[in-house]
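1. can you look at this prediction? I've put the sequence above it.
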Amino acid sequence: MKKILVLLAHPKYEKSRANQVLIGAVKDLPGLTIRDLYELYPDFNIDIAAEQAALQAHDVVVWHHPIYWYSCPPLLKQWIDLVLEVGWAYGKGGEQLRGKFIFNAVTSGGSREVYQVDGRNRFTLRQFLAPFEQTAWLCHMRYLPPFAVQGTHRLKQDALEACGLAYRNVLQDLQVSDDQLPEKLANLDYLNDWQR
Amino acid sequence: MSGHFLENALVYLGAAVICVPVAKKLGLGSVLGYLLAGMIIGPYALGFIGEEGDDILHIAEFGVVIMLFLIGLELEPKAFWRMRKQVLGLGGWQLAVTTLLLWPLGMLLFNLHWTAALALALALGMSSTALVLQNMKEQGRMNTEAGKSAFAVLLFQDIAVIPILALLPLLASNPAVAAGSEAGWLAGLNGWAQAGLVLASIVGVVLAGRLVVGRVLQWVAATRIRELFVATALLLVVGVAVLMQAVGLSAALGAFLAGVVLANSAYRHELESDLDPFKGLLLGLFFMAVGASINFDLLQEAWMQVLLLVLGVMLVKGLILGSIGRFYRFGTDQNLVFAFGLMQVGEFAFVLLAFIGQLGLLGDQTLQLFTAVTALTMTLTPLFGLLNERILLPRLGTPEAVTEPDVPEEQHAVIIAGFGHFGSTVGRVLRANGVQATILDYDADQVELLRKMGFKVYYGDVTRVDLLELAGAEKAKIIISAIPNLETNLRLAEEIKKHYPHLRFFARARNRFDAYELMEHGVQQLYRETIDTSVRMGVEVLQALGHRAHSAHRTGQDFLRYDEAAMSHLALKKRDMKAYISSVRAAIAWQEEMLLADKEHSLSSHDHSWDSEAIRRNVLGDAPTN
């Protein structure tokens, strides 16, 4: 069974209905570890060794964060800058992350409709996540489509809970997936749309 | 007295107001200032006062009574217990040996009865709490071996005064006199009844203190009329004093007892701060009366004798102190500071001598002689201190600098003055980043240790320009003062501005009051000791209570920023605070100002960042969310 590492990066988690529901829906899954980055490193002083050890111990990595200004909160970027070291994650001798699955699990105020080329945001979500996708590629990781809960401003409680359940199902299915999965999902825009 | 009351008050107050500030400016301390004032207005100089000397002394003695009440009140058994070894050891030996040596000398040289000589020896054994502690604080020596030991000895002497006061009447040939002019109806009772009554009074005071006084204070405090509380405090002390005198004990002793009983009361601080000004003023009056009573005619006639006595007593005391220091293995420097610091005869001697005089143990002439001797030893203390600093310490103490013959002199960019906890931590942070610093320290033991560990350390007073020169201030970029003492830092700031304007000065400040002073002298890099740690604790407490770590962290940073901004705003208010005489009252008023300012600023988490509620409301118009 694949072990999953959820890197939660939310600066105001206490005020986020959506993320609390999502995390609440998955935190008791066996074989799943959640690292709450803003709780672990309130002063941004990331313990690189600890993070690298956690990465090595898991097979699937989830960057779980809200979309702020088309990207992730600052601490996750700090994590990416500091933890993915040359010679460890990429570059000569940088093989530690090879083959691991990685994807973004995000929440956004904007709905799926606005995240279209002809929509208000002018780019798709997948396009905004290009830096993450390329980061994963450079580190020899297998990037999966994002799991997104969108239009959170208007989502009612029961809709949110349905999303939570969907998230849980996706993670459970990932745990028992095989290494051909990334190819199968290559044309998908959202992990939410994965038909099993 | 009523006829001359206003004139007398004018004379006394005027003399105090003029002489004491002058004395402080000259570095002589307030006690000497009052003595000087008394001498000047006394019968031998300006002659403004004369015969009422005795009456004034009686009133002023009340100052001594209040002082002992406050000593009892402030006595913290736990602190005393922690220091018991030094207090009993150092203090005990000092007083015991000094008394035992001076006692036979007194009998021999002055032909005194053994009781009188003993009383005299006990009085001369005292050192001056006011002078010594003030000096130690000013020189930043409170935390050195010398400072701590001096404090222990003085504490022992403070406490020893009580049994001595109890002992003296027993030495006197006429115990009835001990009760003062009002012997009361007790003189008629027999010995057993008297003893029983004394015991009953003591028990009465203790019980009253425990059970009744607290209620009374509470009742009065509830009226919220300030002066009533003050009146009650005074009533308390006066009441106990009268009771104790009536049964034949000294008023001071009784007051001490009452103080100890009330030490645990909730009103302790209130009592302290209300009685403090009375104590101060009345003690000042007491010292002035003592000064006025110094017989200059006698001094002129017997100046040789007086001089010899002064030098002799100081020498004996100094040698005893030095031997005790040697026995307890002080370093040479510390021992010299200790001995020279405490070798004078202190103000408690005035109190004891006055009492001895009342008891008739010593004649008038002898009393006046030794009062003068005491005053002179106190006057000479600063001079002897200077002698120690300039001549003895440089010769016998730790050398200023140790230069290796063939090692080139490296000039470091950073100088750290003071290498205690604070300074050494800064030094370590710098060293971990490859920055070596030159160290200046004033604690000889510390310096020896650091030199042994291979540090480049200069020993001496950091405010001396020649030492700064030696340490490379000319070529350095930054000087750090990790010394908590405000006066030292202010002086250092001045010297740097004058001689090394290129040098950036990073200064430690004990608290925000010190920080304001330093700010007003142009020091910009200020580091208050406790602000960062206490905010950090607050943040971590919030986290322990379940607040999100990052949100708590941000609120801590906001608080620090707000606090820094408030510093300059509240700095203006500080000038108003200077009007408060008691620092306790000033500190309380401070807190009030700060809390009020917090409220006005509505200091709470102003953090609107990542506020999805606000975004939601904006995006959806004012439509409510589900």
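-> Everything's here; your move.

2. what ranges do the strands span in chain A?
-> Assigned by DSSP state E, the strands in chain A fall at A:4-8, A:32-36, A:60-66, A:101-108, A:142-143, A:147-150.

3. mind checking how far the residue nearest to residue B:445 when sequence neighbours are not counted is from chain A?
-> Distance criterion CB to CB, 6 or more residues apart in numbering or on different chains; nearest residue to residue B:445, sequence neighbours excluded, is residue B:331 at 5.2 Å. Backbone N, C-alpha and C define where each C-beta goes, glycine included. Between residue B:331 and chain A the computed distance is 43 Å (CB to the nearest CB, to the nearest Å).

4. same thing with residue B:69?
-> Computed as CB to the nearest CB, the residue B:69 to chain A distance reads 51 Å.

5. in which helix or strand does that residue reside?
-> Assigned by DSSP states H and E, residue B:69 belongs to helix B:53-74.

6. got the residues of the stretch 451-600 of chain B near chain A?
-> Within the stretch 451-600 of chain B, the positions adjacent to chain A are B:543, B:548, B:549, B:550, B:551, B:552, B:553, B:554 by CB under 8 Å from any CB of the partner chain.

7. sorry, that was for chain B
-> Residues of chain B found near chain A (CB under 8 Å from any CB) are B:543, B:548-554, B:609-613, B:615-616, B:619-620, B:625-626.

8. all helices for chain A, in order.
-> Counting by DSSP state H, one finds helices in chain A at the ranges A:17-26, A:37-40, A:48-56, A:74-83, A:125-128, A:130-138, A:157-175, A:181-184.

9. got the buried residues for the fourth one?
-> When you say that, I think you mean helix A:74-83. If you call a residue buried by 16 or more other CB atoms under 10 Å in any protein chain shown, then helix A:74-83 has these buried ones: A:75, A:76, A:78, A:79, A:80, A:83.

10. from residue B:548, how far off is the spatially closest residue to the last one that is not a sequence neighbour?
-> By the measure of CB to CB, 6+ apart, the closest residue to residue A:83 outside its immediate chain neighbours is residue A:51, 4.5 Å from it. Distance from residue A:51 to residue B:548, counting by CB to CB, to the nearest Å: 20 Å.

11. kindly report the same for residue A:131.
-> Distance check for residue A:131 against residue B:548: by CB to CB, it reads 27 Å.

12. these two: who's more crowded?
-> Set residue A:131 next to residue B:548 and count neighbours by other CB atoms under 10 Å in any protein chain shown: residue B:548 wins out with 20 against 12.

13. that one touches residue A:40, doesn't it?
-> No: using CB atoms under 8 Å, residue B:548 makes no contact with residue A:40, being 11.4 Å away.

14. who are the contact partners of the closest residue to chain B within chain A?
-> Residue nearest to chain B within chain A: residue A:42 (3.5 Å; CB to the nearest CB). Residue A:42 makes contact with B:543, B:549, B:550, B:552, B:553, B:554, according to CB atoms under 8 Å, 6 or more residues apart in numbering or on different chains.

15. what about 10 Å?
-> By CB atoms under 10 Å, 6 or more residues apart in numbering or on different chains, residue A:42 lies in contact with A:11, A:75, B:539-540, B:543, B:548-554, B:556-557.

16. need those residues in JSON lines (columns: distance to residue B:306 and pLDDT).
-> Formatted as JSON lines, those follow (distance: CB to CB, whole Å; pLDDT from 0 to 100):
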{"residue": "A:11", "distance to residue B:306": "79", "pLDDT": "95"}
{"residue": "A:75", "distance to residue B:306": "79", "pLDDT": "98"}
{"residue": "B:539", "distance to residue B:306": "64", "pLDDT": "96"}
{"residue": "B:540", "distance to residue B:306": "64", "pLDDT": "96"}
{"residue": "B:543", "distance to residue B:306": "69", "pLDDT": "95"}
{"residue": "B:548", "distance to residue B:306": "75", "pLDDT": "93"}
{"residue": "B:549", "distance to residue B:306": "72", "pLDDT": "95"}
{"residue": "B:550", "distance to residue B:306": "74", "pLDDT": "94"}
{"residue": "B:551", "distance to residue B:306": "73", "pLDDT": "91"}
{"residue": "B:552", "distance to residue B:306": "69", "pLDDT": "92"}
{"residue": "B:553", "distance to residue B:306": "69", "pLDDT": "94"}
{"residue": "B:554", "distance to residue B:306": "71", "pLDDT": "91"}
{"residue": "B:556", "distance to residue B:306": "64", "pLDDT": "92"}
{"residue": "B:557", "distance to residue B:306": "66", "pLDDT": "92"}
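
17. please, a PyMOL command that selects the buried ones among these?
-> In PyMOL, a selection of the buried entries from those looks like this (16+ other CB under 10 Å):
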select buried, (chain A and resi 11+75) or (chain B and resi 539+540+543+548+549+550+551+552+553+554+556)
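
18. quick check, residue B:440 in a helix?
-> No: the assignment for residue B:440 by DSSP: H, G, I helix; E, B strand; the rest coil gives strand, which leaves it out of any helix.

19. got the angle between the helix or strand harbouring residue B:31 and helix B:53-74?
-> According to DSSP H and E, residue B:31 maps onto helix B:29-41. If you take axes from the mean of the first three to the mean of the last three CA atoms, to 10 degrees, helix B:29-41 sits at 170 degrees to helix B:53-74.

20. before we move on, the earlier item: need the residues of the stretch 451-600 of chain B next to chain A in CSV with secondary structure and distance to residue B:292, can you?
-> Shown next, in CSV, are these (DSSP: H, G, I helix; E, B strand; the rest coil; distance: CB to CB, whole Å):
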residue, secondary structure, distance to residue B:292
B:543, helix, 65
B:548, coil, 70
B:549, helix, 68
B:550, helix, 70
B:551, helix, 68
B:552, helix, 64
B:553, helix, 65
B:554, helix, 65
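
21. packing partners of whichever strand or helix holds residue B:121?
-> Per DSSP H and E, residue B:121 falls inside helix B:114-124. Using 3 or more CB pairs under 10 Å, 6 or more residues apart in numbering or on different chains; DSSP states H and E as the contact criterion, the elements in contact with helix B:114-124 are helix B:92-110, helix B:145-171, helix B:303-327, helix B:347-359, helix B:364-387.

22. single out the residue in the stretch 151-300 of chain B that lies closest to chain A.
-> Closest contact between the stretch 151-300 of chain B and chain A, by CB to the nearest CB, is at residue B:269 (38.0 Å).

23. tally of neighbours for that residue?
-> 14.

24. which one is residue 86 nearest to, not counting chain neighbours?
-> Using chain A. residue A:94 (6.3 Å).

25. nope, chain B please
-> Of all residues not flanking residue B:86 in the chain, residue B:152 sits nearest, at 3.8 Å (CB to CB, 6+ apart).

26. count the neighbours of that neighbour for me.
-> Going by other CB under 10 Å, the residues that sit close to residue B:152 add up to 22.

27. give the contact list for it.
-> Counting by CB under 10 Å, 6+ apart, residue B:152 touches B:80, B:83, B:84, B:85, B:86, B:87, B:88, B:89, B:90, B:91, B:92, B:94.

28. wait, is the fourth one part of a strand?
-> No: secondary structure of residue B:85, determined by three-state DSSP: helix, with no strand assignment.

29. return the set of buried residues in stretch B:535-548.
-> By 16+ other CB under 10 Å, the buried positions in stretch B:535-548 come out as B:535, B:539, B:540, B:542, B:543, B:547, B:548.

30. ok, stretch B:511-519 next?
-> Counting neighbours by 16+ other CB under 10 Å, one finds that the buried residues in stretch B:511-519 are B:512, B:513, B:514, B:515, B:516, B:517, B:518, B:519.

31. got the CA positions of it in CSV?
-> The C-alpha trace of stretch B:511-519 is given here as CSV (Å, rounded to 0.1, in the frame of the first residue of the first chain):
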residue,chain,number,x,y,z
ASN,B,511,14.0,47.9,31.1
ARG,B,512,12.1,50.5,29.3
PHE,B,513,12.9,53.3,31.8
ASP,B,514,16.6,52.8,31.2
ALA,B,515,15.9,52.5,27.5
TYR,B,516,14.2,55.9,27.5
GLU,B,517,17.2,57.5,29.2
LEU,B,518,19.6,56.0,26.6
MET,B,519,17.3,57.0,23.8
